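Q: Here you go, sequence then predicted model.
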4 protein chains.
Amino acid sequence: MARLAADSYGKSDVRLTKVTRAGDVHQLTEMSVSIELRGDFARCYTDGDNSSIIPTDTQKNTVYALAGKNDFDSIEQFGKILGRHFLDQFSHVTSVSVNIEETLWNRINLNGKPHDHAFIGGSNEGGSNETRTCAVETSHEGTKITGGINGMTVLKTARSGFVGYIKDQYTTLKETTDRIFATIVQASWTYNTLDADFNAAYSSIRDAFIRVFAAHNSLAVQQTLFAMGEEALSVCREIDQVSLTLPNQHRLLVNLQPFGMENPNQIFVPTTEPFGKICGTIRRD
Amino acid sequence: MARLAADSYGKSDVRLTKVTRAGDVHQLTEMSVSIELRGDFARCYTDGDNSSIIPTDTQKNTVYALAGKNDFDSIEQFGKILGRHFLDQFSHVTSVSVNIEETLWNRINLNGKPHDHAFIGGSNEGGSNETRTCAVETSHEGTKITGGINGMTVLKTARSGFVGYIKDQYTTLKETTDRIFATIVQASWTYNTLDADFNAAYSSIRDAFIRVFAAHNSLAVQQTLFAMGEEALSVCREIDQVSLTLPNQHRLLVNLQPFGMENPNQIFVPTTEPFGKICGTIRRD
Amino acid sequence: MARLAADSYGKSDVRLTKVTRAGDVHQLTEMSVSIELRGDFARCYTDGDNSSIIPTDTQKNTVYALAGKNDFDSIEQFGKILGRHFLDQFSHVTSVSVNIEETLWNRINLNGKPHDHAFIGGSNEGGSNETRTCAVETSHEGTKITGGINGMTVLKTARSGFVGYIKDQYTTLKETTDRIFATIVQASWTYNTLDADFNAAYSSIRDAFIRVFAAHNSLAVQQTLFAMGEEALSVCREIDQVSLTLPNQHRLLVNLQPFGMENPNQIFVPTTEPFGKICGTIRRD
Amino acid sequence: MARLAADSYGKSDVRLTKVTRAGDVHQLTEMSVSIELRGDFARCYTDGDNSSIIPTDTQKNTVYALAGKNDFDSIEQFGKILGRHFLDQFSHVTSVSVNIEETLWNRINLNGKPHDHAFIGGSNEGGSNETRTCAVETSHEGTKITGGINGMTVLKTARSGFVGYIKDQYTTLKETTDRIFATIVQASWTYNTLDADFNAAYSSIRDAFIRVFAAHNSLAVQQTLFAMGEEALSVCREIDQVSLTLPNQHRLLVNLQPFGMENPNQIFVPTTEPFGKICGTIRRD
């Protein structure tokens, strides 16, 4: 009557700190790793037969063991190692998804120079709650690597407007040529090579996003999104596609007229919800 | 050089309370609505031309206006109304996704009977942080309605084991025939009709999940997942497919031996992360 | 130049699951325990001398060991055991604060009767995200026990108004005799005996809160708060004081006039912030 | 039988964005303001008599109006303005607590110089999720101003140990002279003048915390806490007292021996809970 149409399983949110030492200088990497396996696991679902099951606890152990055994300098490289391990070790596994989210740490500056072993959360240019992400999909057909950014908060107080949109019976929004544009950038991009310089790519794409966000004369969040994606493709030849989600974190102008006051775009209420959610994928032609 | 390969936009997390009154008896519905539109919006991205844009602020207003204008007794019905509105009103919109998450409210019992207008969060059988969800996809090709549950926390202290799995060089987990099984049910199911009795379906599926979870002799989370899905299909003829995600919210046995104590499955540490994540989709044959 | 004026330290958020078995019927208790010690620890702060320090890791172990060694049927009893342990074992400890937050679990009903070993999150009357709390302060001067509730969400759609308040130059709020009153009850009460029937007290106080909230004709959140506290003192002789915080979780009436519609107290926006925060402590005379 | 022993009320989490413009250069300030009033409000609690009540909605409006009317360059100054307003305007108000939490924004660097109107979340030296806080208590007896920091995440991979502590029957922790020390700084300090240079004080105290955290050879979290507080008092003459809470965000060494591997302080598990919580108040002598 009922059959298993799709299935996957794995360990999520395996948190890992790795410290590597070159003399007195320490490198710090912190991440959360999630693994998802697909393959011939059906009899576990239908019959409780665990003979094909790699326990999620073993998957967790594997993350720690392979982090200790291997040198890697990016989460993308570590994702490749993990995906390859499960695919090679278990013939009944047909594909492996590895998702990694890396916490940003920045060296503390002491007496004008970066400290050897002390760090502060964030990047050297802000980074409130921002993370770096990757997704590595490994199967017998090949490997696909996606890099990304989550939670990059940016805001501009000028050069953003919104006019010329459709007005219907439910429209009350007033056109404006001067509004605050605040968003929390979520982005991912697809590498066209498995041997990219992932860190350089990440940095140049992140810089491109920030640069375009700041400089762009925004007629719509959508337009800024496209310009950010275009610039990312332009600065990094190792990616072919970039997807962006830009939630519009509205700052609403407060009505001060009841108190006999003007409000010349000065006092706003930041709101969390509802929010406009603008999505787009830009591809190299 | 770069082109827009995919796009969508809309308003997310539009929160709504609706009170309907039949004499002294009040009905309370609270939900968060998210709308996503697809269609001919490319020139907004590429040129900042907003002439095809229905502002997300208007989408928000539309949610409130249509909630006021229409009678509906389920989030699925309201989702249909919203999807239909945007598709009918705007010829350049090709598809509309409406996602709704409903907060559970239960009438307070006063003097042994349900109160007319006072409510407590949750359902009448628990419901810590649980919500009811739906996704309605409307396009010119037709409408697809999915119901669901998020955040239903359940736990059993017996009749759960895990043995017979693969042991490799990274396995340290010990087999057990007696462990705690705790999970936070996330489920969705696809209706095979647009005129289902959505509330009855939801209730019978939710009851099926709870009943199977409690009664099942679990050899693996996967097996319980399949049994829950199978029972949902069995009790509700109006759905053809159910997808479940069951995170394994581990309760780890504490080692009390250093203190000269036994721990006969009595003292555990509940952990949030890492967690096993077990997914499956069960389809009617 | 600088001296230590106050200090304390301890382990926070020690999560614990305890299962006790009477034949086939299992009791489930889950909680998070926080311990804070005060005493003669100054030289650790000023000189890094740890010779007076009971490591927070040991405190964690102690929670698990004492949970295994002792029978207790309430978090208050367990708090007393923990506080007494640290005060008795270490002469330089002068006071111990034990704070416990208990997750609510409710037996699943199967075939009309409560299940032996399967549970669902929440209480049998709702309980979305609600917890039970206690604070036990133990010192050589004596012990003070406080019970409490966190996160009890309640809402009423009638018999709540707000009129007759001060109007000044910044007032825009309109008087209303019919508004939604929603709050998330946070309460604590002080026992006047160390041997109270803590579970009975908790249940009767919780019921009192719910009953008064539902039945009260509320002229102000403050008035309902006082009535709830008064009723708690009335139903439980073992407490002398109750403190309540009732955040006013506003439901704002949506203005539908721009769409040519009335809104007869039917469509509201639930908001998280800002919120009114109403606090009061009621004492037995 | 029951009487009101204590009470207060107010509006919490009033979110505010203020943009001030000096030519093309924009200043951005974002904060969340909470107000709590004490005074003669008893009859509202006991009788539902609102004639002494300043609605929390009016308090919210007042925040926005006074933010528009006044120039201020620190949250402390704005807190003083707000506290003074309520105390002066309403003779039955006896004291006002204003708590403000400011979000950090950092100018985006474009072509090597700070942008006029584009910002990224965080500070210029990290600042993951960090905020600046203040508490201003205003009453007829005078005003007390407290500044603070919340959520400053720092971590060091060397020069932290923990030895020489008490061992008892529940101790399993091993002594170490080389551990990771990670914490999330929460601090507040009391100004000894109402006319301090609040921004300069904040910056110098924050820098002091970071500098000491990085450079200190830590024998215990307590010792580092004291050293941080001492340095704050040393660099800022306008404060007399500083309180710090340093949660010990443990990084646990992973046992890789089951896999035949060493773990020379390289691979750790970051944990959120349980956590050591170390508190101290340091006062100028």
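A: The structure has been received and is ready for your questions.
Q: Spell out which parts of chain A neighbour chain C.
A: By Cβ under 8 Å from any Cβ of the partner chain, the part of chain A that sits against chain C consists of A:Gln169, A:Tyr170, A:Thr172, A:Pro258, A:Phe259, A:Thr272, A:Glu273. Yep, even glycine has a C-beta here, placed from its N, CA and C like the rest.
Q: Need the three-state assignment for the nearest residue to the fourth one once chain neighbours are set aside.
A: What it means is A:Pro258. Computed as Cβ to Cβ, 6 or more residues apart in numbering or on different chains, the closest residue to A:Pro258 that is not its neighbour in sequence is C:Thr172, at 5.1 Å. Under DSSP: H, G, I helix; E, B strand; the rest coil, the three-state class of C:Thr172 is coil.
Q: count of neighbours near C:Thr172?
A: 13 (other Cβ atoms under 10 Å in any protein chain shown).
Q: quick one, what contacts it?
A: Contacts for C:Thr172 (Cβ atoms under 8 Å, 6 or more residues apart in numbering or on different chains) come out as A:Pro258, D:Asp57, D:Thr58, D:Asn61.
Q: cutoff 10 Å now
A: A:Asn255, A:Pro258, A:Phe259, D:Pro55, D:Asp57, D:Thr58, D:Lys60, D:Asn61 (Cβ atoms under 10 Å, 6 or more residues apart in numbering or on different chains).
Q: Would you mind putting those into CSV with secondary structure, pLDDT and neighbour count alongside?
A: Below are the contacts of C:Thr172 laid out as CSV (DSSP: H, G, I helix; E, B strand; the rest coil; pLDDT from 0 to 100; neighbours: other Cβ atoms under 10 Å in any protein chain shown):
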residue, secondary structure, pLDDT, neighbour count
A:Asn255, coil, 98, 13
A:Pro258, helix, 98, 12
A:Phe259, helix, 98, 19
D:Pro55, coil, 98, 23
D:Asp57, helix, 98, 21
D:Thr58, helix, 98, 21
D:Lys60, helix, 98, 27
D:Asn61, helix, 98, 24
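Q: Now the residues you listed in a markdown table, please, with extra columns for distance to D:Ala208.
A: Shown next, in a markdown table, are the contacts of C:Thr172 (distance: Cβ to Cβ, whole Å):
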| residue | distance to D:Ala208 |
| --- | --- |
| A:Asn255 | 43 |
| A:Pro258 | 45 |
| A:Phe259 | 41 |
| D:Pro55 | 42 |
| D:Asp57 | 41 |
| D:Thr58 | 40 |
| D:Lys60 | 36 |
| D:Asn61 | 39 |
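Q: Out of those residues, name the two that are farthest from one another.
A: Across the contacts of C:Thr172, the longest distance by Cβ to Cβ is 17.2 Å; it joins A:Asn255 and D:Pro55.
Q: Tell me how many other residues surround the residue nearest to A:Gln266 when sequence neighbours are not counted.
A: In this structure, A:Gln266 finds its nearest non-sequential neighbour in D:Val19, 5.7 Å apart by Cβ to Cβ, 6+ apart. If you count neighbours by other Cβ under 10 Å, D:Val19 ends up with 20.
Q: strands paired with whatever helix or strand D:Val19 lives in, and their directions?
A: Assigned by DSSP states H and E, D:Val19 belongs to strand D:14-22. Strand pairing for strand D:14-22, determined by DSSP bridges: strand A:267-270 (antiparallel), strand D:25-39 (antiparallel).
Q: Return the residues in contact with the residue nearest to A:Gln266.
A: The contact partners of D:Val19, by Cβ under 10 Å, 6+ apart, come to A:155, A:157-158, A:180, A:251, A:264-268, D:26-30, D:117.
Q: the bottom helix or strand of chain A by mean pLDDT?
A: Here the helix or strand of chain A ranked lowest by mean pLDDT, DSSP states H and E is strand A:105-110, holding a mean of 93.
Q: Which secondary structure elements does that strand sit against?
A: strand A:25-39, strand A:113-121, strand D:142-156, helix D:198-215 (3 or more Cβ pairs under 10 Å, 6 or more residues apart in numbering or on different chains; DSSP states H and E).
Q: I'd like the ones you listed laid out as JSON lines, including mean neighbour count.
A: Listed next are the helices and strands packed on strand A:105-110 as JSON lines, based on neighbours: other Cβ atoms under 10 Å in any protein chain shown:
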{"stretch": "strand A:25-39", "mean neighbour count": "20"}
{"stretch": "strand A:113-121", "mean neighbour count": "21"}
{"stretch": "strand D:142-156", "mean neighbour count": "21"}
{"stretch": "helix D:198-215", "mean neighbour count": "20"}
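Q: Let me have these in CSV, extended by mean pLDDT and distance to D:Gly79.
A: Formatted as CSV, the helices and strands packed on strand A:105-110 follow (pLDDT from 0 to 100; distance: least, Cβ to Cβ, whole Å):
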stretch, mean pLDDT, distance to D:Gly79
strand A:25-39, 98, 36
strand A:113-121, 95, 27
strand D:142-156, 97, 7
helix D:198-215, 97, 10
